[in-house]
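Student: Fold the following for me, if possible:
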Amino acid sequence: MDLNDKSNTNIFRRIEMAKLFKVLANVTACILFLGGVMGMISRMYVWFAVTGFNGTGTDMSQLALQFAYIAIWFVAAVVVMKLSQMLK
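Tutor: As a prediction, this is how the structure comes out:
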């Protein structure tokens, strides 16, 4: 068995790339989840501090849109976590 055999080194490269993608997927999922949590906390603060519970008009529609964007962050985190599990 020759260590310089091309087919043997390709297998090791694939294994290393799979580990690399798994680590990158986990880091990305953590960033997306933490970004969603921080966005949720900051938007709730703005909702309570600026508009109160009875906010009306454009303030509430803008906050609703921002909460929708935060939900997209959470969905993206779940998708990346599922992709990471598929790499295992």
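
Student: neighbours of Leu34, just the number please.
Tutor: 12 (other Cβ atoms under 10 Å). Using the backbone N, CA and C atoms, a C-beta is placed for each residue, glycine as well.

Student: Equivalent analysis for Val80, please.
Tutor: Val80: 20 neighbours (other Cβ under 10 Å).

Student: cool, Trp47 as well?
Tutor: 18.

Student: Next, work out how far apart it and Lys82 are.
Tutor: 30 Å (Cβ to Cβ, to the nearest Å).

Student: repeat for Ala25
Tutor: 10 Å.

Student: how about low-confidence regions in the protein?
Tutor: The model of the chain has pLDDT under 70 over residues 1-15, 17, 52-59, 88.

Student: Go through the chain and flag its longest helix.
Tutor: Ranked by residue count and defined by DSSP state H, the top helix of the chain is helix 6-46.

Student: name the helices or strands packed onto that helix?
Tutor: helix 58-87 (3 or more Cβ pairs under 8 Å, 6 or more residues apart in numbering; DSSP states H and E).

Student: rewinding a little: how far off centre is the longest helix of the chain?
Tutor: Centroid separation between helix 6-46 and its chain, computed with Cα atoms, centre = their mean, to the nearest Å, is 8 Å.

Student: Now do that helix and helix 58-87, the angle between them.
Tutor: 160 degrees (axes from the mean of the first three to the mean of the last three Cα atoms, to 10 degrees).

Student: before we move on, back to that, of Ala25 and Lys82, who's got more company?
Tutor: Ala25 (18 against 11).
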